[in-house]
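In: Any chance you can model this:
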Amino acid sequence: MRLFRLFAFACLLMAAPYGRCGELVVLVDRAADMPMARIENGLLIDGVHKLLGEALARSTGREVRFLLLPRKRIAKALQKGEADILCGYAPQWIEGDYLWSEPVFTAEEVLVTAASEPRPLAIADLRGQPIGTILGYQHPEIETVLGTGFARENSPNMEINFEKLARGRVHHILIARAVLDYRQRLRAVPLKLHPPLPAASFKTRCAVSRQGHLSLAEANHAIATLTRDGTLAQILAQFR
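Out: Next comes the predicted model:
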């Protein structure tokens, strides 16, 4: 009994002030769109982030809790240990000192142009032209090509960006191919677009907080398990 009390007390100390023992706190960007996340009334109800977070929690023997924050608050929250893990990112996308997991899945970013506009043959053709982007998101590959000619037209999320494209408020947007394909399938009449221009390809990983309650070894073991047993492939296949 005394040993149990000591363990319980240690657990409480380790969990304060942000988490509890047996809990995996998964950080999610509020600007994320389907198929990555569907957020309604402040709750994550569907998407890759939800299913992946739940699977990681099961694999590590924890209960999942999702922490939804604006893009600008993500880095600070993860560094302070308010969350244990943030998945679907690459190291160049977020500032701060984290433990980075093995790759989880590959993400491809493309640039699409409305068919009513001249078809660009390369990213460099869009120097000086407004390109729909999401506020706070980094695009180092595009910046390298366009330099000061990268004219960002920022929106809070991709849903608004896509509607701007549909209504002709912008003629070009940067978008993840998975999000593009998902949104085109949802539309009664898909947008008429030129073939997408490849912009970047990334092996996304999970950033593990150094102040959290999940070790990098646990995260990597869970990812390897979900890859090996087909869970990760099943999650991604649901939204293709």
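
In: In this structure, which residue is most central in space?
Out: Against the mean C-alpha coordinate of the chain, by C-alpha atoms, centre = their mean, the closest residue is residue 88 at 4.4 Å.

In: show me what contacts that residue?
Out: Applying C-beta atoms under 8 Å, 6 or more residues apart in numbering to residue 88 gives the contacts 36, 48, 49, 52, 104, 105, 107, 204, 206. Every C-beta, even on glycine, is put in place using the N, C-alpha and C of the backbone.

In: Counting neighbours, which of those residues comes out on top?
Out: Highest neighbour count within those: residue 206, with 27 neighbours (other C-beta atoms under 10 Å).

In: right, and the secondary structure at that one would be what?
Out: Here residue 206 is recorded as strand under DSSP: H, G, I helix; E, B strand; the rest coil.

In: go on, the one 4 residues further on?
Out: Residue 210 carries the three-state label coil when classified by three-state DSSP.

In: In contact with it, which residues are there?
Out: Neighbour list for residue 210: 79, 81, 97, 98, 99 [criterion: C-beta under 8 Å, 6+ apart].

In: Go again with 6 Å.
Out: Residues counted as contacts of residue 210 (C-beta atoms under 6 Å, 6 or more residues apart in numbering): none.

In: hang on, the earlier thing: what helix or strand is the residue nearest to the centre of the chain on?
Out: strand 85-89 (DSSP states H and E).

In: wait, residue 143 sits on residue 150?
Out: Yes - judged on C-beta atoms under 6 Å, residue 143 makes contact with residue 150 at a distance of 5.5 Å.

In: neighbour-wise, which of these two wins?
Out: Comparing residue 143 with residue 150 by other C-beta under 10 Å, the one with more neighbours is residue 150, at 18 against 13.

In: Report the separation between that one and residue 29.
Out: Remark: distance between residue 150 and residue 29 (C-beta to C-beta, to the nearest Å) = 22 Å.

In: Kindly report the same for residue 62.
Out: Here residue 62 is placed at a distance of 21 Å from residue 29 (C-beta to C-beta).

In: neighbour count winner among those two?
Out: When residue 62 and residue 29 are compared on other C-beta under 10 Å, the one with more neighbours turns out to be residue 29, at 25 against 22.

In: need the contact list for the more buried one.
Out: Contacts for residue 29 (C-beta under 6 Å, 6+ apart) come out as 71, 74.

In: Are we agreed that residue 138 is in a strand?
Out: No - according to three-state DSSP, residue 138 belongs to no strand; its state is coil.

In: Just give the number of residues close to it.
Out: By other C-beta under 10 Å, neighbour count at residue 138 equals 13.

In: Spatially nearest residue to residue 157 (excluding sequence neighbours)?
Out: Ranked by C-beta to C-beta, 6 or more residues apart in numbering and with sequence neighbours excluded, the top spatial neighbour of residue 157 is residue 31, at 4.5 Å.

In: same deal with residue 69?
Out: Using C-beta to C-beta, 6+ apart and skipping the chain neighbours, the partner closest in space to residue 69 is residue 77 (5.6 Å).

In: how about the one you found, secondary structure?
Out: Going by three-state DSSP: residue 77 is helix.
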